[in-house]
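*Asks:* Sequence and computational prediction follow.
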Amino acid sequence: MFTVGLTGGIACGKTVVSDTFKDLGVNIVDTDIIARDVVEPGTKGLQQVITQFGNEIILPDGTLDRRALRSIVFNNPPLRKKLETILHPLIREESQKRLESGTSAYSILVVPLLFETGMNKMVNQVLAIDTPPEIQLQRLLARDSETEEGAKKIIASQIPREERLKQADDVLLNDGDIITLQKQIEILHNSYLRLAN
């Protein structure tokens with residue numbers, strides 16, 4: 001199965017891009033969705049997270065309190081590493097299953113931390129969504145009602161923009177209107193159909 005890894009910094013427009021590819025009939029496997037699925041109540045993922053971090057990260061309805069967990073691990077690299085050791089193998093395994101069950105000519109694997117997690121080894125081609133840093137910051141502030149300092153910290157925790165672009169096979173600039181973006185996506189879609197064949 002020919003697979004395109006779709007990546008980009010936070011608030012660069014990965015969802016808009018993957019939704020557009022989905023509208024073109026492409027199988028989309030989104031690791032952000034899988035990351036939530038693997039810690040649903042009753043899963044071994046949630047059980048392992050509780051074992052590691054305790055019941056205080058569970059909401060009254062039995063679901064994971066993501067905000068509480070994020071605040072525990074975000075400024076604590078050893079704890080973040082422990083969480084990643086639990087979640088990354090589960091996410092990778094489920095991603096593989098969903099790629100294998102896809103029926104389109106090619107699939108798109110959406111992974112915000114594609115290079116950081118080594119999941120770039122699972123794809124044939126890498127598409128990076130790029131947005132100028134000032135637009136990225138504005139979008140993040142508007143979307144997540146973060147403080148500017150908090151938003152900058154989140155952006156800084158990801159692979160540097162230049163590094164991501166250097167490792168990508170294709171770069172999609174998302175700094176304008178949706179029509180321009182859709183035209184670029186159609187060109188890439190036709191290119192991926194050719195490569196998949």
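*Replies:* Yep, it's here. As the structure is a prediction and not an experimental result, all values here were calculated from the model.
*Asks:* Break the protein down into its domains, please.
*Replies:* Per the record, the chain has its domains at 1-26+105-197, 34-103, by automatic domain parsing.
*Asks:* By neighbour count, which bits of the lengthiest helix in the chain are buried? Give me those.
*Replies:* For the chain, the helix that runs over the most residues, judged by DSSP state H, is helix 77-100. Using 16 or more other Cβ atoms under 10 Å as the test for burial, helix 77-100 gives 82, 83, 86, 87, 88, 90, 91, 92, 94, 95, 98, 99. Placement of C-beta: from N, CA and C, glycine included.
*Asks:* Residues contacting that helix, please?
*Replies:* Helix 77-100 is touched from outside by 1, 3, 27, 29, 31, 34-35, 37-39, 44-45, 48-49, 52-53, 69, 72-74, 107, 109, 111, 117, 119, 122, with contacts defined as Cβ atoms under 8 Å, 6 or more residues apart in numbering.
*Asks:* about what we covered before: CSV for the buried residues of helix 77-100, including pLDDT?
*Replies:* Below are those laid out as CSV (pLDDT from 0 to 100):
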residue, pLDDT
82, 94
83, 95
86, 96
87, 95
88, 94
90, 96
91, 97
92, 96
94, 97
95, 97
98, 97
99, 97
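*Asks:* So what pairs up with residue 5 in the strands?
*Replies:* residue 109, residue 126 (DSSP bridges).
*Asks:* What distance do you get for it to residue 119?
*Replies:* To residue 119, residue 5 is 7 Å away according to Cβ to Cβ, to the nearest Å.
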